[in-house]
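Asks: the following comprises the amino acid sequence and a computationally predicted model.
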Protein chains: 2
Amino acid sequence: MIESMAGLHRSHGCGELRAEDTGKEVTLMGWVHRRRDHGGLIFIDLRDRSGLVQVVCDPEAGPAFKKAEEVRNEYVVAVTGRVRPRPEGTANPKLATGTIEVEARELRILNRAKTPPFYIEDNIVVDEALRLRYRYLDLRRPEMQGIMYLRYRTTRAIRDFLDSRGFWEIETPMLTRSTPEGARDFLVPSRLRPGEFFALPQSPQLFKQILMVAGIERYFQIVRCFRDEDLRADRQPEFTQLDMEMSFIQREDILNLVEELMAHVFRETLGIELTLPLPRLTYQEAMARFGSDKPDLRFGLEITDVSDLVRGCGFKVFADAAARGGVIRGLCVPGGASFSRRELDELTRAAAVFGAKGLAWMAVTAEGIRSPIAKFFTGQELQDLVARMGGKEGDLLLFVADSETVAATALGSLRLELGQRLHLYEPEQLAFTWVTDFPLLEYSPEEKRYVAVHHPFTMPMEEDWPLLDTEPLKVRALAYDLVLNGVELGGGSIRIHRRDIQEKMFSLLGFCPEEAREKFGFLLEAFEYGTPPHGGIAFGLDRMIMLMARRDTIRDCIAFPKTQSGTCLMTAAPSTVAPEQLLELHLKTTARPAGKLSSAGKA
Amino acid sequence: MIESMAGLHRSHGCGELRAEDTGKEVTLMGWVHRRRDHGGLIFIDLRDRSGLVQVVCDPEAGPAFKKAEEVRNEYVVAVTGRVRPRPEGTANPKLATGTIEVEARELRILNRAKTPPFYIEDNIVVDEALRLRYRYLDLRRPEMQGIMYLRYRTTRAIRDFLDSRGFWEIETPMLTRSTPEGARDFLVPSRLRPGEFFALPQSPQLFKQILMVAGIERYFQIVRCFRDEDLRADRQPEFTQLDMEMSFIQREDILNLVEELMAHVFRETLGIELTLPLPRLTYQEAMARFGSDKPDLRFGLEITDVSDLVRGCGFKVFADAAARGGVIRGLCVPGGASFSRRELDELTRAAAVFGAKGLAWMAVTAEGIRSPIAKFFTGQELQDLVARMGGKEGDLLLFVADSETVAATALGSLRLELGQRLHLYEPEQLAFTWVTDFPLLEYSPEEKRYVAVHHPFTMPMEEDWPLLDTEPLKVRALAYDLVLNGVELGGGSIRIHRRDIQEKMFSLLGFCPEEAREKFGFLLEAFEYGTPPHGGIAFGLDRMIMLMARRDTIRDCIAFPKTQSGTCLMTAAPSTVAPEQLLELHLKTTARPAGKLSSAGKA
């Protein structure tokens, strides 16, 4: 029989009880985690959001025992009874409540449960599709509740900090205008204006700049964003951003503020003290030393340039590359001299994926350099190479001779591969770094024009303004990314607030004024009415929580995520809709005739 | 010339400076609110988010004066100078900074501005369309910034309070499944699954119940919701809800918690102390005494039932109504005896709008009752009527004889009309009330079946369970609304968590099991795996801010609202989209051929 909780008031969370509570009469409500019958008694591990506690039912308790005999896993029960110490030798040190138990005087079954399709406990090995289908059971598992709580505490810490710094959270629209640049928009047909569409925002970028024009000065928002992309590894069609923008500031102000924000968040949620200031690398430096604009600084294994050493050497591949204006760069792999032929081949293949035409190697051994190419170098050259790269006996030197970009990218990915394979870092380490001074523009061979590396509103560095006319590709932007463990946490920039610079930027991008107006009309107009200097940054919250919770996928950090193919297995969304719904929107699907409502259980 | 802010750091907000700051060197940045040239000096009222301060530029300051001559309203400038007392007799007591001024030593023009289309000041009389078109200028006005700040502080106070009570904020999906019940969904076509659609959520109702099944126990969210309704007065297609749900609680727990929440919010944001507990009216009582399920308790003017007094009277209209099972109810309007014939006719017409077939009146005068119907009553009957209704000399008694519903609704609206016309309350008063014990079901003549007054998951009151089989329309729901000044702030209920009651509910609603599964499949399935007793409530945040800020429209309380016709005048959304965008979605609009991108300036 299911009973009501009328007259009962929960007095404690299950996981809160301690030895000090001994003797207290408590009322607990939660889920039956396990039931064991032992020595004529029934033991129930009762679970709620706060944890587990052991409840004991004695046949002498009469009705309570009778009902305890009925309960199964995941039944919802209310228990009233007295806290007592566990008998000598039966304490469970793994449990926070492990020294006590609750002797049930009354037990009510508040609800029944079918047997769940998987165990409600941590570290289960279950197909993810099943977990997503029964997300309400998956979220009952303590590790998942822990992530949801961490996510909540993180947003709370962010809001506390930004409030203390004078930021106002302001909501921007979800039904907005489709913009022709950027990723693909999700569209929302307008019923009241047939043939017209809203778009879901890819970010509140334009609105937050508008808020700066509006004099809000310090804005933030934790906000849902949408991108209708082909789903690559671990992307979600809807994701959450921490979005910030400030007026009357310069780049240093934003970097410093964000560092303090991160320190606050990591202290409040994980109890970790970050050392400030965080490292800062220019884009040039990051590419040269780590072969990546989001370098993983948990380990060294830096890239070394040896172009000058091998410019005139007898190894044609190196000498030719140098002569063509390319570079010769390498990694010194500690202990790598013992790599097998097969391991070396694997590394060569990995380098080839990133465009490297070859990978040269030299093993530093007690007998000198062992390498198929050693014979092309003089003794002095070999000695200089080993010295430059800091090679010690047992190390392996790897070289790529190619364009700067290919050498950086290929060695950067080899570096990541080797860092992991050789356990050069503890996975729990946290290594933040800023990457600054990104190029403003890059050349797009497809579009045959310059395109903005960030977006057309990013301010070029003042000292590079003269280069806008002469060598635009050398102009650096006041743009910055915050990187954690090789993952981009967020990025931002100082924005252009001056019309003359904005017009120069548009002309570099090859837009005529009409085109600029068509693409960014209302923002451009707003810029003419007194726009303050401003800049900002945005962070991917899902990814940040994933790193903080040390999970492998952002799906574990979102209460109700979509699958890799963009569907919700629990609600079976998307779905077909009733034909009348499309009729009202003046829409026809050309895919197939709009069918009936699909059944709810559909995956 | 526009200058950069390099080397400058803002030291104060304009509005923060006080007499104590005299002698300090300060750097301010903001907008030129007004410029006045007077006595050879230039006075600039400099404005930022914190307020206004007067800046004085002396020709002796050289370049600063030259630049001050250039500035116009809304130019963005940085001023460095010293704070000094204003000369004797020139203090401005209306301004927080009115006793001091800043003597400019350096002035930089950070940006220019065109002349705005309206003044950046409070209480402007400007077409709302112009304000919405130039929202970035409208939001610069201090009263609008005040509302944005109030809104932010309100959400902050809500979050602080709910955090202290163990609630976790959890995000639910925006791309979800279209449900066949409720208002019309906004649809989002899926590109990856042609012919299928997501829907934007009308509320997170199903997800928050799922979170209770998932053991989250206390959830809240400040969340965007969407309804594609024909836009009635002061609705928005997207709006913001404070959404809450709790497990292991009963109705009293939620009402008490919400009262404390409201007290906290009003104290923290407006400095107003609410008196708790808030009044509670049952639905029956609210309808009988105030003729509304969202009564405005800022004033009395309660409805009085006189059915028993006139049952056998000589006035056929009253006697017949009573005999047919109808009611005769009235209002006693203080001082209403002096209403003109025209005013009485207006009231009659107003009553007719709500279905009253007539409105009888009696004026209480020194000479006795003046009324066209007085002759149908005995002297004793008249005396009893006046006594029951508390009529005093100069008052007007109004009567409606009709069904209970019509009498309540018609008198309820007359009451509101009269309360306003007779200034029976101060607009600034705050009168909260709970309305509880709503009916569970009502009969829909169109659908020829019972429909849920709230939704099919609302728990009937336990004492009324037996009536489910016998008189379902008499069953009261564990539902409650919070009303402020006659406006529904929010509503909620205890939910059904028992399968047997849920099945009974579905059968009352005339759903066969297949239909129930089709409509609410995944939630029903979830309910079988151990659902705790739970309930919750949701509040319309926009409307709450509107009442707190004492504005007439929610559009003033949303940073970027849509117009009454559902468009955004600033960004010109919705808009037509590129034909390729529809092609990718496998959609065709039947409205007209998908055109080119419409121009940004379009309204």
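Replies: Looks like it came in fine.
Asks: gap between the lowest-mean-pLDDT helix or strand in chain A and the chain center?
Replies: Sorted by mean pLDDT, DSSP states H and E, the helices and strands of chain A end with helix A:513-526, the least confident at a mean of 82. Between the mean C-alpha location of helix A:513-526 and the chain-wide mean there is a distance of 33 Å, by Cα atoms, centre = their mean, to the nearest Å.
Asks: quick one: low-confidence residue ranges for chain A.
Replies: Within chain A, the ranges that satisfy pLDDT under 70 run A:180-181, A:592-603.
Asks: leaving out sequence neighbours, find the closest residue to A:Phe318.
Replies: With sequence-adjacent residues excluded and distances taken as Cβ to Cβ, 6 or more residues apart in numbering or on different chains, A:Phe318 is closest to A:Val310, at 4.2 Å. Quick note: C-beta positions are derived from backbone N, CA and C, even for glycine.
Asks: now swap in A:Asn73 and tell me
Replies: Closest residue to A:Asn73 apart from its sequence neighbours, by Cβ to Cβ, 6+ apart: A:Val32 at 5.7 Å.
Asks: which helix or strand lies directly C-terminal to the helix or strand hosting the one you found?
Replies: Using DSSP states H and E, A:Val32 maps to strand A:25-38. Remark: after strand A:25-38, the chain's next helix or strand is strand A:41-48, criterion DSSP H and E.
Asks: just confirm yes or no for that following strand near chain B.
Replies: Yes: where contact is defined by Cβ under 8 Å from any Cβ of the partner chain, part of strand A:41-48 touches chain B, namely A:47-48.
Asks: what's the angle from that strand to strand A:25-38?
Replies: Calculated by axes from the mean of the first three to the mean of the last three Cα atoms, to 10 degrees, strand A:41-48 forms an angle of 130 degrees with strand A:25-38.
Asks: dump the C-alpha coordinates for strand A:41-48 into CSV.
Replies: Listed in CSV are the C-alpha atoms of strand A:41-48, where the atom choice follows Å, rounded to 0.1, in the frame of the first residue of the first chain:
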residue,chain,number,x,y,z
LEU,A,41,16.5,-8.1,10.9
ILE,A,42,16.0,-6.1,7.7
PHE,A,43,18.7,-3.5,6.8
ILE,A,44,17.8,-0.7,4.5
ASP,A,45,20.5,1.6,3.0
LEU,A,46,18.4,4.7,2.7
ARG,A,47,19.6,7.3,0.1
ASP,A,48,18.8,10.9,-0.6
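Asks: what about the strands in the stretch 301-450 of chain A?
Replies: Remark: strands assigned in the stretch 301-450 of chain A by DSSP state E, counting those that start in this stretch are A:304-305, A:327-333, A:360-365, A:368-370, A:396-402, A:432-436, A:441-444, A:449-452.
Asks: contacts for the shortest one, please.
Replies: I take that to be strand A:304-305. Residues lying outside strand A:304-305 but in contact with it, judged by Cβ atoms under 8 Å, 6 or more residues apart in numbering or on different chains, are A:288, A:327-332, A:388-390.
Asks: at 7 Å instead, please
Replies: Residues external to strand A:304-305 that are found in contact with it (Cβ atoms under 7 Å, 6 or more residues apart in numbering or on different chains): A:288, A:327, A:329-330, A:332, A:388-389.
Asks: give me the element the residue nearest to A:Arg165 when sequence neighbours are not counted is part of.
Replies: Nearest residue to A:Arg165, sequence neighbours excluded (Cβ to Cβ, 6+ apart): A:Leu257, at 6.6 Å. Take DSSP H and E as the rule and A:Leu257 turns out to sit in helix A:251-270.
Asks: swap in A:Leu281?
Replies: Short version: A:Leu281 belongs to strand A:280-282, going by DSSP H and E.
Asks: which positions in the least confident helix or strand of chain A come out as buried?
Replies: Applying a neighbour-count criterion of 16 or more other Cβ atoms under 10 Å in any protein chain shown, one finds A:516-526 buried in helix A:513-526.
Asks: what about chain B: which of these touch it?
Replies: Here is what survives when these are matched to chain B using Cβ under 7 Å from any Cβ of the partner chain: A:517-518, A:521-522, A:526.
Asks: from the contact counts, what lies against the strand holding A:Val32?
Replies: Contact analysis of strand A:25-38 by 3 or more Cβ pairs under 7 Å, 6 or more residues apart in numbering or on different chains; DSSP states H and E lists strand A:41-48, strand A:76-85, strand A:100-111 as its packing neighbours.
Asks: again, 6 Å this time
Replies: For strand A:25-38, the contact count by 3 or more Cβ pairs under 6 Å, 6 or more residues apart in numbering or on different chains; DSSP states H and E identifies strand A:41-48, strand A:76-85 as packing neighbours.
Asks: helices or strands up against the strand holding A:Leu281?
Replies: Contact analysis of strand A:280-282 by 3+ Cβ pairs under 6 Å, 6+ apart lists strand A:432-436 as its packing neighbours.
Asks: let's see it at 10 Å
Replies: helix A:283-290, strand A:432-436, strand A:479-484 (3 or more Cβ pairs under 10 Å, 6 or more residues apart in numbering or on different chains; DSSP states H and E).
Asks: closest one to B:Ile170 among these?
Replies: Each of these has some distance to B:Ile170 by Cβ to Cβ; the shortest is strand A:479-484, at 23.8 Å.
Asks: the closest one near chain B at all?
Replies: No: under the criterion of Cβ under 10 Å from any Cβ of the partner chain, chain B is not reached by strand A:479-484; the shortest gap measures 17.3 Å.
Asks: hmm, back to that, next, the buried residues of the strand holding A:Leu281.
Replies: A:Leu281.
Asks: my read: A:Met212 touches A:Ile496, true?
Replies: No: because the distance of 11.9 Å does not satisfy Cβ atoms under 10 Å, A:Met212 is recorded as not touching A:Ile496.
Asks: the residue nearest to A:Phe318: how many residues sit nearby?
Replies: The local packing count at A:Val310 equals 23, with neighbours defined by other Cβ atoms under 10 Å in any protein chain shown.
Asks: report the contact partners of it.
Replies: Residues near A:Val310 by Cβ atoms under 10 Å, 6 or more residues apart in numbering or on different chains: A:317-319, A:321-322, A:328, A:330, A:376-377, A:381, A:384-385, A:399, A:401.
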